[in-house]
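**Q** I would like to see how this sequence folds:
(chains A and B)
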Protein chains: 2
Amino acid sequence: MFNRVTIIGVGLIGGSIARALKKHQLCDEIVGYARRENEVKKAVALGVIDRYETSVAEAVIGANLIIVAVPMGAFESMFRQMIGTISPDVVITDVGSAKTSVVNAAKNVFGVLPPGLVPAHPIAGTEKSGVEASFDSLFENRCTIVTPTELSSDSAISVVCDFWQAIGAEVVRMTPEHHDQVLAATSHLPHVLAFSLVDTLSQMQEHSEIFRFAAGGFRDFTRIASSDPTMWRDICLNNKDAILTSLKQYEKQLKKLEEAIAEQNGVKIEKIFSNAKNARDTHIIGG
Amino acid sequence: MFNRVTIIGVGLIGGSIARALKKHQLCDEIVGYARRENEVKKAVALGVIDRYETSVAEAVIGANLIIVAVPMGAFESMFRQMIGTISPDVVITDVGSAKTSVVNAAKNVFGVLPPGLVPAHPIAGTEKSGVEASFDSLFENRCTIVTPTELSSDSAISVVCDFWQAIGAEVVRMTPEHHDQVLAATSHLPHVLAFSLVDTLSQMQEHSEIFRFAAGGFRDFTRIASSDPTMWRDICLNNKDAILTSLKQYEKQLKKLEEAIAEQNGVKIEKIFSNAKNARDTHIIGG
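**A** As a prediction, this is how the structure comes out:
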């Protein structure tokens, strides 16, 4: 499928893509780049990538496909370092959790959006990080949202969709803006709420006692508050508007529930709880 | 340990207590009462209890220990039906998720709090309900918070603490008020937040799509929103003040985070996220 694939950022996601490419024999050579040389050295030692370069500019030379798998805050810098050494017909995709900010970063750097740029977001991951945690089936039977820009070429869109499907993902297409709204609601907002809850409790006077009596429900509810703070800071910075919109909607609904509790309005409380239970039981299969 | 134990409400919790009493051979006879005769008939058929009565008044006759395991909203009515048939030296405990409301219900009914009344709350349960779901090890190595009233006698407190320890629980003592504050923060608030989030999302236009892209983090975060709406309505009605206090603290902290996101203040966002992650990783062992 490809002669040379370059992966910028060889951590859990970048490493898992490399492993999946090898498993499905989709390319002749995988070149890696990471900010820390240590990481790419480890990736070569583990057989995850074939070789590495210590600069983005060199890593992308001759690549048919470039996959950017770095934290959201580093995209603009990565794009900038590609200028001058990427081939004109290269296809570029990425795995960022927010998509309009990727488009904006590319606009800032390239002026005009490259027709080969087709942003994407695999809905997959684990709470671990680093290339040691990567595995070749991470994307199998998981959704990857592909978000072409207005200027993405049909051929580049096909290449990116085919690539994700070839490593086992179910591909869904939507606009970058729509992606950001959906993910704000379903992923970014829950993370913000969970971080904020644990932060709130940790500031209560009796916090050690509070955590002591936390049962299984609390453990599940707050698991995402053990996620990487830097990664989630970057997501908040890069999907600000959609996150704030969902957050405001949430706060409004929460106020309604708060009022119902203050008024001891059992009917209203139960209606909200039943509606939530029904929605969850209907849409989230398997508990 | 006891000649006769009466269990009012033979569902998951009441049934599991009965099974544990039998397993540890702690009493000669277990009498059950449930609002639906069907439930207690099933409990007898399953060998969970020895016999049942169709009225509370009859069920409590001759009991050394009464355990009230009904929804929070039914306590006052249960206490009222005991008047006249309980023995003067009976010990009464319960499993309600809020404790000051149990004390208040008893005050309303008995005028003066009975010295034999020692409220308790086992921090145990599953998402299932009904006597079929009960099992004899539900309380083993789990905490039970015992919350004596100002008028609980020392001997009744000992009986209740010994009873919970005998069925495997780790007993912790605190006041009913303090219990309600701790549980509001650690259990009731997370439930309120989870119900409210799923309710909010279910009202968004694109809600089927939103739920479609929900990943594992969302599943864990919202699991408690599949809990029983009636039970949780009752908890909100019976622990109103403590829940509202925690909720207001939470809303205040959430506003700070919202401001940090709106201001694109990466340092402040990361500080909140790191603080949460550290607190969770420190206090919640095992992910």
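
**Q** Next, work out how far apart residue A:218 and chain B are.
**A** Remark: distance between residue A:218 and chain B (Cβ to the nearest Cβ, to the nearest Å) = 6 Å. For every residue, glycine as well, the C-beta is placed using N, CA and C.

**Q** Pull up the pairing partners for the host helix or strand of residue A:7, direction included.
**A** Residue A:7 belongs to strand A:2-8 when elements are defined using DSSP states H and E. Paired strands of strand A:2-8, with direction, are strand A:27-33 (parallel), strand A:65-68 (parallel) (DSSP bridges).

**Q** Is chain B within reach of the helix or strand just after that strand?
**A** Following strand A:2-8 in sequence order, the next helix or strand is helix A:12-23 (DSSP H and E). No: on the criterion Cβ under 8 Å from any Cβ of the partner chain, helix A:12-23 is out of touch with chain B, staying 13.4 Å away.

**Q** Packing partners of helix A:12-23?
**A** Here helix A:12-23 touches strand A:2-8, strand A:27-33, going by 3 or more Cβ pairs under 8 Å, 6 or more residues apart in numbering or on different chains; DSSP states H and E.

**Q** For residue B:222, which of those is the nearest?
**A** strand A:2-8 (33.3 Å; Cβ to Cβ).

**Q** got the buried residues for stretch A:149-156?
**A** By 16 or more other Cβ atoms under 10 Å in any protein chain shown, the buried positions in stretch A:149-156 come out as A:149, A:152-153, A:156.

**Q** repeat for stretch A:128-142
**A** A:129, A:131, A:133-134, A:136, A:138-139, A:142.

**Q** how about whichever residue of the stretch 51-200 of chain A sits closest to chain B, what does it touch?
**A** Across the stretch 51-200 of chain A, the shortest distance to chain B (Cβ to the nearest Cβ) belongs to residue A:198, at 3.9 Å. Shown in contact with residue A:198 (Cβ atoms under 8 Å, 6 or more residues apart in numbering or on different chains): A:222, A:225, B:276-277, B:279-280.

**Q** quick one, strands of the stretch 101-250 of chain A?
**A** Secondary structure of the stretch 101-250 of chain A (DSSP state E, counting those that start in this stretch): strands at A:120-122, A:143-146, A:170-173.

**Q** What residues of the first one count as buried?
**A** The one in question is strand A:120-122. Buried residues in strand A:120-122 (16+ other Cβ under 10 Å): A:120-122.

**Q** With stretch A:112-127 instead?
**A** So, applying 16+ other Cβ under 10 Å, buried residues of stretch A:112-127: A:114-125.

**Q** in the stretch 151-287 of chain A, which spans are helices?
**A** Ranges of helices in the stretch 151-287 of chain A, per DSSP state H, counting those that start in this stretch, are A:154-166, A:176-183, A:189-202, A:207-212, A:216-222, A:229-238, A:240-262, A:266-283.

**Q** Among those, show me which one is buried the most.
**A** Stretch with highest mean neighbour count among those: helix A:189-202 (a mean of 26; mean count of other Cβ atoms under 10 Å in any protein chain shown).

**Q** could I get it in CSV with only the CA atoms?
**A** Taking Å, rounded to 0.1, in the frame of the first residue of the first chain, the C-alpha atoms of helix A:189-202 are listed here in CSV:
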residue,chain,number,x,y,z
LEU,A,189,-16.8,17.3,29.0
PRO,A,190,-16.8,14.0,31.1
HIS,A,191,-13.0,14.4,31.6
VAL,A,192,-13.5,18.1,32.7
LEU,A,193,-16.2,17.0,35.1
ALA,A,194,-14.3,14.1,36.6
PHE,A,195,-11.1,16.2,37.0
SER,A,196,-13.1,18.9,38.7
LEU,A,197,-14.9,16.5,41.0
VAL,A,198,-11.7,14.9,42.3
ASP,A,199,-10.1,18.4,42.6
THR,A,200,-13.1,19.6,44.6
LEU,A,201,-13.1,16.6,47.0
SER,A,202,-9.3,16.8,47.5
